[in-house]
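K.L.:
the amino acid sequence is not available; the structure is as follows:
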C-alpha cells in the first residue's frame, strides 16, 4: 500500500485515465486529450512502466470468437495454515501448473468476505471449468473447503470499458 508521499499527481491520474480508456492510442492523442506535451506524457508513461504502476497492456477480446465461456470461481480457505514455501509457489504462478488444458486464467484475487479468493477464467465449456475445480481440489484440497462456480452470461463492462454490443444485449436482461 502506498503512503501519501507515494500517491500519484493529478497529471498522472489524467494520463492513467486516458490509458484505461484506450491503451492502444498513440502518445500524441493521449497528450492532446490530457492537455500535456508529448514529452511530458511520454515521461509519465515511462515512469509508470518502470515502477510497475502499469503492469502491461491488454486487448479486451470477445471470447465468443474463440468459442470460450467466462467463469468466476469463488474459493473459501480451510482453517489450516499455508506453509511459507507453498505461499510463495501459489503467488508465483503454481496455480498455472494445475490447469486443465484449454483453461485460461484471467484474474486471481485474494478477498475479504464470505470467500477468500476469486479466480476468473475462460474455458470452452462447463465440463472443462469443473475439471479446474477437480484438479485444484486434488492438488490443494487441504487448503480450500468450498468452491462456487459461476458462468458469466453477458459482459456489460470489462476492464472498465462498456461492451460495444451492449445495445444488442438489452433483450437478454
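P.N.:
Cool, the structure landed. In this text the structure is predicted, and so the values were computed from the model without any measurement. Residues are numbered from 1 along each chain as shown.
K.L.:
buried ones in the strand or helix carrying residue 138?
P.N.:
In this structure, residue 138 sits in helix 126-140 according to DSSP states H and E. Residues of helix 126-140 classed as buried by neighbour count (16 or more other Cβ atoms under 10 Å): 128-129, 131-133, 135-136, 140. Glycine gets a C-beta too; all of them are placed from N, C-alpha and C.
K.L.:
export those to TSV and tack on distance to residue 88?
P.N.:
Formatted as TSV, the buried residues of helix 126-140 follow (distance: Cβ to Cβ, whole Å):
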residue	distance to residue 88
128	28
129	27
131	26
132	22
133	23
135	20
136	18
140	14
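K.L.:
make JSON lines out of these and add pLDDT.
P.N.:
Shown next, in JSON lines, are these (pLDDT from 0 to 100):
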{"residue": "128", "pLDDT": "92"}
{"residue": "129", "pLDDT": "93"}
{"residue": "131", "pLDDT": "91"}
{"residue": "132", "pLDDT": "88"}
{"residue": "133", "pLDDT": "90"}
{"residue": "135", "pLDDT": "87"}
{"residue": "136", "pLDDT": "85"}
{"residue": "140", "pLDDT": "80"}
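K.L.:
per-domain residue ranges of the protein.
P.N.:
Here the domain parsing of the chain from automatic domain parsing is 7-50, 63-158.
K.L.:
closest to residue 148 out of the buried residues of helix 126-140?
P.N.:
residue 133 (9.5 Å; Cβ to Cβ).
K.L.:
ok, residue 150 to residue 57 distance?
P.N.:
Note on residue 150: its distance to residue 57, by Cβ to Cβ, to the nearest Å, is 28 Å.
K.L.:
if you could redo that for residue 123, that was the one I meant.
P.N.:
Distance check for residue 123 against residue 57: by Cβ to Cβ, it reads 24 Å.
K.L.:
of the two, who's got more company?
P.N.:
Using other Cβ atoms under 10 Å, the more surrounded residue of residue 123 and residue 57 is residue 123, with 23 against 9.
K.L.:
contacts only, for the residue nearest to the more buried one when sequence neighbours are not counted.
P.N.:
Nearest in space to residue 123, with sequence neighbours left out and distances taken as Cβ to Cβ, 6 or more residues apart in numbering, is residue 129 at 4.4 Å. Residues in contact with residue 129, defined by Cβ atoms under 8 Å, 6 or more residues apart in numbering, are 69, 71, 73, 103, 121, 123, 149, 151.
K.L.:
ok, for the spatially most central residue of the chain, nearest residue in space, not its chain neighbours?
P.N.:
Closest to where the C-alpha atoms of the chain average out (Cα atoms, centre = their mean) is residue 107, at 3.6 Å. Spatial nearest neighbour of residue 107, excluding adjacent residues (Cβ to Cβ, 6+ apart): residue 120 at 4.5 Å.
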